[in-house]
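In: Here is my input, please return the structure:
(one chain, ligands or ions: 1)
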Amino acid sequence: MIILGINAYHANAAAAIVVDGRLIAAVEEERLNRVKYAAGLPSRAIQFCLDRAGAKLTEVDHIAIPRDPWARLGTKLRYAARMPRFALDRLRVMKRFAGIREDLAAAFELAPEGIRAQFHRIEHHRAHLASAFFVSPFERSAVLSADGLGDFASFMCAVGEGPRMRVLGEVAFPHSLGMYYTALTQYLGFWKFGDEYKVMGLAAYGQPEFLGEFRRIVRAHGPLAFRLGLEYFTHQTQGSDMTWRDANSTPVLGRIFSSYLEKRLGPARRPEEPLTARHHNVAASMQAALEEVLASCWNGLARESGEKNLCLAGGVAFNCVANSKVFDAAPFERVFVQPAAGDAGLSVGAAFAVNHQVLGRPREFTMDHAYWGPQFSASEVRQVIDSASSSGDAEIADLDEAALVEATAVHIAAGKIVGWFQGAAEWGPRALGNRSILADPRRPEMKDILNRRIKHREIFRPFAPSITEEAVGEFFEKTHPSPFMTFAYPVRPEMRAIIPAPTHVDGTARLQTVSRSANPLYWKLLRKLGNLTGVPVVLNTSFNDNEPIVCRPEEALDCFRRTQMDVLVMGNYVLEKKSPAIAREEPGEKFAKPAK
Ligand SMILES: [Fe+2]
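Out: Here you go, the predicted model:
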């Protein structure tokens, strides 16, 4: 039984394949076509999934599309009557989805009737809910999805048991926590698609001075809903105006905050303007108001479901700062967030929704790691290394596993910046130890060095740590697993000086807890660092420089050469640059001493 899930014609285009009830592969199109947040038909991602499953498109039994243009038709028609442009947009979307069989056939050079799969349309938020619950370790759980907008809704919650889910409530357009966050992100001068996480990082610098005003902008409304103060927004009168020029473009979103918002909060920040305390406080107030609304919804959901487990999905589930408040603000004990909680994850969700809710098959799969993307054989890596050796700009060593782990740990402890390329690429936007850039978390200057030499990103944004799951309680105030970097916990006060580089200004860190079973090699590297320095923690940032995370060995080598990275560890090979582009920035004794 082969089920292909496809998130198409929408940002974060992606594909996933489920064979006999188990996920075999999943990847975002952006990793393969190298266009950030790529929309369109993810034909490369589909091809990869088929290859991993050893199947042809003609052999697929079911194709699951996480979009139902007919959902909430009455509400859509009411808006269409008021907004002609909105009506045209809806028609365009419906036409696109109606033609997906033909588009697929054209992309794979088949006659449309050659695709024998049955097509299923799974409503957007039901696919989000499925993407979390059906791959979670929970037999029973409350489930919550929150995002900008999908199929004209922005929020849905449910209770799941075994292969079934029962929806308890939803919130439809124009009320949306995702739109709220996006509007304020724009107001603060960040206009690129996906910039919301930057503002989440900025919030830690401020105080929620404007919380009173923000409670008028967004507020809880009953146990399982919320409302926006619509006068602060424009999307309800002018549409959300999200566009992508073609299949290989990053989406662009038009302005969705109103002039009334500026009247109340002061003028919007222009992108080139410096960030001031007022901007920090706006960000902090926005985050605080979001957390208040979410806490109300979590508690409503806990009461109505009676469950102790919670699964989160949708773009809002990437708000790791809010997620970490669940344990204090609501009676949930265990929380699962799928690594691709946003719209890429819809491909997984739609496929599992078909598997369980359409076909009635039992659950037999748990997503206990994130490594569902492309991987490359030793000979493919070797070929790329051979091309590097011919240029002669790096020392190359071919090591067995123990020596590789030892050499990598020594480089990191010595303050070098190490590209780490191993195994299968991560599913979801976080690098989780297979396509990562690693550095010493003990050195307070490491954040600046990484920014200056490689990442070139806003200085206020934090870097994240990976830590062995065994050591979490020693360094953090909470110990609930965070295998996919979807929680930010307070670092224990006495440990903040020990791992200053990934500790954010508010004393928290967005951690990845690493288990031996999920990623044995990365876990061994962390253990080795622990033996060497007393700190089984590494600063882990994605392996890229203002581009999608590297996927292929060639891209890793290119990024290594193009940036001022010191060392590349790829497969069994360690490449060390012979002459760094700039003089080594010796930290001397500046870094914090090990804990023990
Ligand atoms: Fe969504």
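In: alpha carbons only for contacts and neighbour counts from here, please
Out: Fine.
In: okay, now residue 83: neighbour count?
Out: 15 (other Cα atoms under 10 Å).
In: Helices along the stretch 301-450 of the chain, start to end?
Out: 320-323, 326-329, 346-353, 378-391, 401-413, 446-450 (DSSP state H, counting those that start in this stretch).
In: do the stretch 51-200 of the chain as well
Out: Taking DSSP H, counting those that start in this stretch as the test, the helices found in the stretch 51-200 of the chain are 73-82, 84-98, 100-107, 124-133, 177-187, 196-203.
In: got the buried residues for the longest one?
Out: Along helix 84-98, these residues count as buried under the neighbour rule (16 or more other Cα atoms under 10 Å): 86-87, 89-90, 97.
In: Next: the fourth one.
Out: With burial defined by 16+ other Cα under 10 Å, the residues of helix 124-133 counted as buried are 124-133.
In: Kindly calculate the angle that it makes with helix 346-353.
Out: Helix 124-133 runs at 80 degrees relative to helix 346-353, counting by axes from the mean of the first three to the mean of the last three Cα atoms, to 10 degrees.
In: so residue 220 touches residue 291, yeah?
Out: No: Residue 220 is not in contact with residue 291 according to Cα atoms under 8 Å; the separation is 10.5 Å.
In: hmm, back to that, weakest of the helices of the stretch 51-200 of the chain in terms of mean pLDDT?
Out: Lowest mean pLDDT within the helices of the stretch 51-200 of the chain: helix 84-98, at a mean of 76.
In: picking that back up, now, which of the buried residues of helix 124-133 sits nearest residue 424?
Out: Closest to residue 424 out of the buried residues of helix 124-133 is residue 131 (20.3 Å), distances taken as Cα to Cα.
In: Give me the pLDDT for the nearest residue to residue 549 once chain neighbours are set aside.
Out: What sits nearest to residue 549 in space, not counting adjacent residues and going by Cα to Cα, 6 or more residues apart in numbering, is residue 543, at 5.5 Å. On the pLDDT scale, residue 543 is placed at 96.
In: next one: residue 17
Out: 98.
In: Can you tell me the strand partners of the helix or strand hosting it and which way each runs?
Out: Residue 17 belongs to strand 14-19 when elements are defined using DSSP states H and E. Sheet pairing for strand 14-19, assigned by DSSP bridges, gives strand 2-7 (antiparallel), strand 22-28 (antiparallel).
In: circling back to that earlier point, so which of the helices of the stretch 301-450 of the chain gets nearest residue 577?
Out: helix 378-391 (10.8 Å).
In: Check which helices and strands the closest one is in contact with.
Out: strand 394-398, helix 553-562 (3 or more Cα pairs under 8 Å, 6 or more residues apart in numbering; DSSP states H and E).
In: Take the buried residues of helix 84-98 and write them to CSV, including distance to residue 416.
Out: Below are the buried residues of helix 84-98 laid out as CSV (distance: Cα to Cα, whole Å):
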residue, distance to residue 416
86, 52
87, 55
89, 50
90, 52
97, 49
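In: Closest one to residue 78 out of those, please.
Out: Relative to residue 78, the closest of the buried residues of helix 84-98 is residue 87; by Cα to Cα it sits at 9.6 Å.
In: now the residue nearest to the closest one when sequence neighbours are not counted: how far from residue 37?
Out: Counting by Cα to Cα, 6+ apart, residue 80 is the residue found nearest to residue 87 once chain neighbours are left out, at 4.4 Å. From residue 80 across to residue 37, the span is 28 Å (Cα to Cα, to the nearest Å).
In: neighbour-wise, which of these two wins?
Out: Using other Cα under 10 Å as the criterion, residue 80 and residue 37 rank with residue 37 on top: 24 against 17.
In: Need the three-state assignment for that one.
Out: State at residue 37, reduced to three classes by DSSP: H, G, I helix; E, B strand; the rest coil: coil.
In: Report the contact partners of residue 215.
Out: residue 289 (Cα atoms under 8 Å, 6 or more residues apart in numbering).
In: Assign a three-state SS to it, would you?
Out: helix.
In: Model confidence at it, what's the number?
Out: For residue 215, the predicted pLDDT is 98.
In: what does the one 3 residues further on give?
Out: Per-residue pLDDT puts residue 218 at 98.
In: Grab the nearest non-local neighbour of it.
Out: Residue 218 sits nearest to residue 228 (Cα to Cα, 6+ apart), 4.5 Å away.
In: Read off the pLDDT value for the closest residue to residue 548 other than its chain neighbours.
Out: Spatially, and ignoring its direct neighbours in sequence, residue 548 is nearest to residue 36 (5.4 Å; Cα to Cα, 6+ apart). If you check residue 36, the pLDDT there is 86.
In: can you redo the strands paired with strand 14-19 as CSV with mean neighbour count?
Out: Shown next, in CSV, are the strands paired with strand 14-19 (neighbours: other Cα atoms under 10 Å):
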stretch, mean neighbour count
strand 2-7, 28
strand 22-28, 26
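In: got CSV for these, with distance to residue 567 and mean pLDDT too?
Out: Converted to CSV, the strands paired with strand 14-19 look like this (distance: least, Cα to Cα, whole Å; pLDDT from 0 to 100):
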stretch, distance to residue 567, mean pLDDT
strand 2-7, 36, 97
strand 22-28, 27, 98
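In: now the strands for the stretch 401-550 of the chain?
Out: Taking DSSP state E, counting those that start in this stretch as the criterion, the stretch 401-550 of the chain contains strands spanning 418-421, 435-439, 464-468, 487-490, 508-514, 537-542.
In: Could I get the average pLDDT for the fifth one?
Out: The predicted model gives strand 508-514 an average pLDDT of 98.
In: go on, the second one?
Out: Confidence over strand 435-439, taken as the mean pLDDT, stands at 97.
In: Which positions within that strand qualify as buried?
Out: Neighbour-count burial for strand 435-439 flags 435-439 (criterion: 16+ other Cα under 10 Å).
In: In those residues, find the pair that's most separated.
Out: Across those (Cα to Cα), the longest gap, 13.4 Å, separates 435 and 439.
In: quick one on the thing from earlier: what's the closest of the strands of the stretch 401-550 of the chain to residue 315?
Out: So among those, strand 487-490 is nearest, using Cα to Cα, at 13.9 Å.
In: Any buried residues in that closest one, and which?
Out: Across strand 487-490, burial judged by 16+ other Cα under 10 Å covers 487-490.
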